[in-house]
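S.K.: sequence unknown, structure follows:
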């Protein structure tokens, strides 16, 4: 909602923003003042004339979204959030980039009201904005414009548009026709190394036109408020295409010696330059963090401008019937309707089913109870378990389609999923081959950092995928993702563990990666009874094999009275079956008591208390871990491993498994060697 005011006051407002953009990096001896200075008029127009929001309720679901993709200019966003009343204080700006402050070097979601997504790694803010816009359109057509009817605005720079993820996301956004997405390209011709001409000669406008975007060239109007507003409103009027507004700015303006220089990009201006620039702007040259009362009052009025629209929205929300309200609340949380987990299927022991196929059955069984579910794949819909029966394909013609075809754009897919999750209202699920998680990894990391509620189906999880060879066979990926903080990594052993893993993924608040097999694996004895609780805890005793009578599987998984096991075999995923078969052989042939532990999730197991972990993995008992992946990290849970620390081979999957030692016979032999070395 536009705020009517006199132009002289608005120019003073912009000067104050430029002053803050200089002062905070200067005090921190660190930061990027130049872009914030140049774009102060643009930010002013967005926050006072264009965007609909209520600073008193930053989480209002129908607010316009704003994303600063070139997040190094964070002081610009922080300044506007302070001025418009999002709960920041001047002391927060004074603490810019300091330990424990609310104003870190790049915007971080959940760290500060008004930050929609975490930005900083260039291009990802742009790509997440595509997800924000996709979620808005999906919800608008699912619930009606009375509940969802807003725009996503963003600012990006040359660096964002050089990064490959922006190409992936821009192409997808144009193809889908996301008309509520408006980005301003800050065409300032400067990077950290110097002029952009050192590295690129792209015609950005033509590139985006080829992607299907509306492109509006504003030219040299970076200080013309009315021209900026007119360009943004032209973009907003385009309903069927995303829009790129190209704005030629001058980094560091009006600094007398730093304008249009690389030094203005990444370094504080210096006390003398700040003083001279403030004099040009009409600010008190010796006063830091200067904000006069009339400027603050003007911005605070803008921050309250959406209050009536928000209250009207709340009244409309209150008229929803019980069924629609339940759907709305479940979608808003990314969770299921009450009792949704009752639809989780269970599977009979003995049947063979790849976990990627099992997870698809689980997904489809529960989908009617998950109203926010939006699933897709990077061109591998049928291969990765994300095919949703009866779902329409998401497109400009079917904006309520739950099946998204991301194309061969793993990084773009994962980034768009982050934006969808951070919008709230949807539960994004995305699939690709596990080895290609490397392409998606920067966005997976950002999802973990942002606590974005996303779920990945990473399939074809080992050398067992077979003939495609070592380029497609994951080795180090499990260890790599397990090392990532706040990402839950789960590798189910069979179909029943898939059901349990899906329940965990839906009900937890952060990002979850399900790592799934290409090849069939048997449904194991005991998982039907124990996986629901055991997987939630990350690991559990699946069976304990005893020498009496040969079979000796104790039904409750407990140990014999007064005695512990002689050996523990620990497995994940498709290798748990080999642990069970090896344990049986060791019990029958060697007279050993062998415990088999399924350990599908290190992070969930690590979150359990010491007593539970030691109950599952008793101290002092030799442990052999079996996993068709790198041995890296297994020393925390095992004394020896049957793993693979080299790349695979092009051969049928079962041949690879046999040749590289993932058989019951080899596991049993390695276990005997471990016992011999440990003197047991």
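M.R.: Nice, I can see it. Only a predicted model underlies this, so the values are computations on that prediction, with no experimental measurement involved.

S.K.: residue 219 - nearest residue in space that isn't next to it in sequence?
M.R.: Nearest in space to residue 219, with sequence neighbours left out and distances taken as C-beta to C-beta, 6 or more residues apart in numbering, is residue 248 at 5.7 Å. Placement of C-beta: from N, CA and C, glycine included.

S.K.: ok, that neighbour - how many residues close by?
M.R.: For residue 248, the neighbour count with other C-beta atoms under 10 Å is 16.

S.K.: for residue 195, same thing?
M.R.: 13.

S.K.: ok so, going back, ok, the residue nearest to residue 219 to residue 333 distance?
M.R.: Relative to residue 333, residue 248 is positioned 43 Å away (C-beta to C-beta, to the nearest Å).

S.K.: how about residue 583?
M.R.: Residue 583 sits at a distance of 41 Å from residue 333 (criterion: C-beta to C-beta).

S.K.: what do you get for residue 274?
M.R.: Separation of residue 274 from residue 333 (C-beta to C-beta) stands at 46 Å.

S.K.: again with residue 80
M.R.: 29 Å.

S.K.: which one of these two has more residues nearby?
M.R.: Counted by other C-beta under 10 Å, residue 80 and residue 333 do not tie: residue 80 has more neighbours, with 27 against 15.

S.K.: how far away from the center of its chain is stretch 358-367?
M.R.: The chain centre lies 22 Å from the centre of stretch 358-367; the measure is C-alpha atoms, centre = their mean, to the nearest Å.

S.K.: what are the contacting residues of that stretch?
M.R.: 336, 340-341, 343-345, 347, 373, 375, 385-389, 391, 402, 429, 457, 492, 494-495, 498-499, 501-502, 506, 514, 516 (C-beta atoms under 8 Å, 6 or more residues apart in numbering).

S.K.: pLDDT of it, averaged?
M.R.: For stretch 358-367, mean pLDDT is 98.

S.K.: do stretch 122-137 as well
M.R.: Here the average pLDDT along stretch 122-137 is 98.

S.K.: can you spell out the domain ranges of the chain, please?
M.R.: Domain assignment for the chain by automatic domain parsing gives 7-309, 332-522, 536-677.

S.K.: for the ones you listed, which one sits closest to residue 321?
M.R.: domain 7-309 (11.9 Å; C-beta to C-beta).

S.K.: span of the closest one from start to end?
M.R.: 26 Å (C-alpha to C-alpha, to the nearest Å).

S.K.: repeat for stretch 96-115
M.R.: Criterion C-alpha to C-alpha; first-to-last residue distance in stretch 96-115 is 15 Å.

S.K.: again with stretch 430-446
M.R.: Stretch 430-446 has its terminal residues 15 Å apart, counting by C-alpha to C-alpha.

S.K.: from the middle of its chain, how far away would that stretch be?
M.R.: How far stretch 430-446 lies from its chain's middle: 10 Å, per C-alpha atoms, centre = their mean.

S.K.: I'd like the numbering to begin with 758 instead of 1 from here.
M.R.: Right, with 758 as the first residue, what we last looked at is stretch 1187-1203.

S.K.: residue ranges with poor pLDDT in the stretch 1158-1307 of the chain?
M.R.: Applying pLDDT under 70 to the stretch 1158-1307 of the chain flags residues 1306-1307.

S.K.: can you give me the helices in it?
M.R.: Counting by DSSP state H, counting those that start in this stretch, residue ranges of the helices within the stretch 1158-1307 of the chain are 1167-1180, 1194-1207, 1234-1239, 1252-1264, 1284-1293.

S.K.: which strands and helices sit next to the first one?
M.R.: Here helix 1167-1180 is seen to pack against helix 881-900, helix 921-933, strand 1130-1134, strand 1184-1190, helix 1194-1207 when contacts are counted using 3 or more C-beta pairs under 8 Å, 6 or more residues apart in numbering; DSSP states H and E.

S.K.: can you do 6 Å?
M.R.: In terms of contacts (3 or more C-beta pairs under 6 Å, 6 or more residues apart in numbering; DSSP states H and E), helix 1167-1180 is packed against helix 881-900, helix 921-933, strand 1184-1190, helix 1194-1207.

S.K.: so can I have a markdown table of the domains of the chain showing distance to residue 1081?
M.R.: Listed next are the domains of the chain as a markdown table, based on distance: least, C-beta to C-beta, whole Å:
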| stretch | distance to residue 1081 |
| --- | --- |
| domain 764-1066 | 7 |
| domain 1089-1279 | 10 |
| domain 1293-1434 | 31 |
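
S.K.: mean pLDDT for these: which is lowest?
M.R.: domain 1293-1434 (a mean of 92).

S.K.: chain center to it: distance?
M.R.: The answer for domain 1293-1434 is 33 Å, by C-alpha atoms, centre = their mean.

S.K.: can you give me the end-to-end distance of it?
M.R.: Note: domain 1293-1434 ends 34 Å apart using C-alpha to C-alpha.

S.K.: any buried residues in the helix or strand containing residue 769, and which?
M.R.: Using DSSP states H and E, residue 769 maps to helix 764-785. Going by neighbour count (16 or more other C-beta atoms under 10 Å), the buried part of helix 764-785 is 767-785.

S.K.: returning to that earlier point: among the helices of the stretch 1158-1307 of the chain, which is the most enclosed?
M.R.: helix 1167-1180 (a mean of 30; mean count of other C-beta atoms under 10 Å).

S.K.: what's the angle between it and helix 1194-1207?
M.R.: With axes from the mean of the first three to the mean of the last three C-alpha atoms, to 10 degrees applied, the angle from helix 1167-1180 to helix 1194-1207 works out at 20 degrees.

S.K.: what lies in contact with helix 1167-1180?
M.R.: With C-beta atoms under 6 Å, 6 or more residues apart in numbering as the test, helix 1167-1180 has contacts from 874, 881, 884-885, 887-889, 891-892, 922, 925-926, 929, 1135, 1163, 1183, 1185, 1187, 1189, 1193, 1196-1197, 1200-1201, 1203-1204, 1209-1211.

S.K.: give me the angle between that helix and helix 921-933.
M.R.: Using the same axes, to 10 degrees: helix 1167-1180 against helix 921-933 is 70 degrees.

S.K.: so how far is helix 1167-1180 off the chain centroid?
M.R.: With C-alpha atoms, centre = their mean, you get 6 Å for helix 1167-1180.

S.K.: out of everything not next to it in sequence, what's closest to residue 1196?
M.R.: Computed as C-beta to C-beta, 6+ apart, the closest residue to residue 1196 that is not its neighbour in sequence is residue 1167, at 3.8 Å.

S.K.: now do residue 1161
M.R.: Using C-beta to C-beta, 6+ apart and skipping the chain neighbours, the partner closest in space to residue 1161 is residue 1133 (3.1 Å).

S.K.: picking up where we left off before, can you tell which of the helices and strands packed on helix 1167-1180 is closest to residue 1381?
M.R.: Of all the helices and strands packed on helix 1167-1180, it is helix 1194-1207 that lies closest to residue 1381, at 27.2 Å by C-beta to C-beta.

S.K.: any idea how far the closest one is from the middle of the chain?
M.R.: The answer for helix 1194-1207 is 6 Å, by C-alpha atoms, centre = their mean.

S.K.: what's it in contact with?
M.R.: With C-beta under 6 Å, 6+ apart, helix 1194-1207 has contacts from 866, 875, 878, 881, 1167-1168, 1171-1172, 1175, 1211, 1215, 1234, 1241, 1243-1244, 1268.

S.K.: ok, now stretch 1278-1290?
M.R.: With C-beta under 6 Å, 6+ apart, stretch 1278-1290 has contacts from 1103-1104, 1106, 1108-1109, 1251-1254, 1257, 1297, 1299-1300, 1331, 1334.

S.K.: closest to residue 800 among those residues?
M.R.: Using C-beta to C-beta, residue 1257 comes nearest to residue 800 of the contacts of stretch 1278-1290, at 47.2 Å.

S.K.: my guess is that closest one meets residue 1291, correct?
M.R.: No - the pair residue 1257 / residue 1291 is not scored as a contact, 7.6 Å apart, by C-beta atoms under 6 Å.

S.K.: quick revisit: of the contacts of stretch 1115-1124, buried ones?
M.R.: 1093, 1097-1098, 1100-1101, 1104, 1130, 1132, 1142-1145, 1148, 1159, 1186, 1214, 1249, 1251-1252, 1255-1256, 1258-1259, 1263, 1271, 1273.
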